[in-house]
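**Q** Sequence plus the predicted model coming up.
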Amino acid sequence: MMEKRDALILSHLRNDARETLTRMSRKTSIPVSTIYDRLKAQESSIIKRYTALLDFNELGYNARCKVILKIAREKKEALEKFLISHISVNSLYKINNGFDFLVEGIFKSIKESEDFLEALEIKFGVKTKQVYYIIDDIKRESFMSDPELLGILGLV
C-alpha cells in the first residue's frame with residue numbers, strides 16, 4: 001500500500017502539475033524537501049512523464065475517435081509499429097475480448113480520419129473495426145486528482 005504522503009503528493013500533482021512545491025507543502029503539511037525527494041524517487045517508476053492536457057478543437061483538430069481493431073496474427077507486429085509511429089495516434093493500447101488494439105486518433109476532419117482507417121484496412125487487412133467518434137470531453141484524466149477522495153480509493 002502506498003504511503004499517505006505519497007498519495008497526497010501524487011494527487012496534487014495529478015490535479016495541477018504546475019503547482020509549486022511550496023504551495024503543495026502548505027496544502028499537505030509535508031516539507032518541500034520531502035515532496036521533492038518523493039517526486040524524484042517516483043519519476044522512474046510511478047510517474048511516467050509530465051504532460052499537458054490540450055483542447056484539440058482549439059488547435060483545429062476537430063475529429064477525435066477511438067478505434068477498436070482485430071487484425072490477423074501475422075500482421076499484429078507490423079500494425080503496432082505503424083500505429084506507434086503515426087503522428088495522428090495519440091494513444092495505443094493492446095486489448096482483449098476478441099480485439100487486438102484500441103487506438104485513439106486525433107484528426108483535423110472526419111474525412112482525414114476515415115482516410116486513415118481505410119489505409120489501415122488496405123495495408124494491414126483489418127478483420128474487424130469499431131469506430132467511436134468523441135463528441136465532447138465530460139471527464140478526462142481525473143483519477144487520483146482529488147486529495148479529498150484518496151481514502152475511498154484505499155490509498156490513505
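**A** Okay, I see it.

**Q** ok, now how distant is residue 50 from residue 14?
**A** Taking Cβ to Cβ, to the nearest Å as the measure, residue 50 falls 11 Å from residue 14. All C-beta atoms are positioned from the backbone trio N, CA, C, and that covers glycine.

**Q** neighbour count winner among those two?
**A** Each of residue 50 and residue 14 has its neighbours counted (other Cβ atoms under 10 Å); residue 14 has more, 16 against 10.

**Q** secondary structure class for the more buried one?
**A** helix (DSSP: H, G, I helix; E, B strand; the rest coil).

**Q** so where does the residue lying closest to it once chain neighbours are set aside fall, helix or strand?
**A** What sits nearest to residue 14 in space, not counting adjacent residues and going by Cβ to Cβ, 6 or more residues apart in numbering, is residue 145, at 4.0 Å. Using DSSP states H and E, residue 145 maps to neither a helix nor a strand.

**Q** how about residue 89, what does it touch?
**A** 83, 103, 104, 105 (Cβ atoms under 8 Å, 6 or more residues apart in numbering).

**Q** mind listing which of those residues are in helices?
**A** With DSSP state H as the criterion, helices contain residue 83 from among the contacts of residue 89.

**Q** The residue nearest to residue 14 and residue 134, how far apart?
**A** Counting by Cβ to Cβ, the gap from residue 145 to residue 134 is 20 Å.

**Q** do the same with residue 120
**A** Distance, residue 120 to residue 134, by Cβ to Cβ: 18 Å.

**Q** go on, residue 26?
**A** For residue 26, the distance to residue 134 - Cβ to Cβ - is 37 Å.

**Q** related to what we said a few turns ago, residue 120 and residue 134: who's more crowded?
**A** Neighbour count, other Cβ under 10 Å: between residue 120 and residue 134, residue 120 has more, with 20 against 14.

**Q** so which helix or strand takes in the residue nearest the centre of the chain?
**A** Most central in the chain under Cα atoms, centre = their mean is residue 91, positioned 6.4 Å from the mean C-alpha point. According to DSSP H and E, residue 91 maps onto strand 89-94.

**Q** how about the strands in the chain?
**A** For the chain, applying DSSP state E gives strands covering 63-70, 89-94, 101-107, 128-133.

**Q** can you redo those as a markdown table with distance to residue 43 and mean pLDDT?
**A** Formatted as a markdown table, those follow (distance: least, Cβ to Cβ, whole Å; pLDDT from 0 to 100):
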| stretch | distance to residue 43 | mean pLDDT |
| --- | --- | --- |
| strand 63-70 | 29 | 98 |
| strand 89-94 | 21 | 98 |
| strand 101-107 | 25 | 98 |
| strand 128-133 | 34 | 97 |
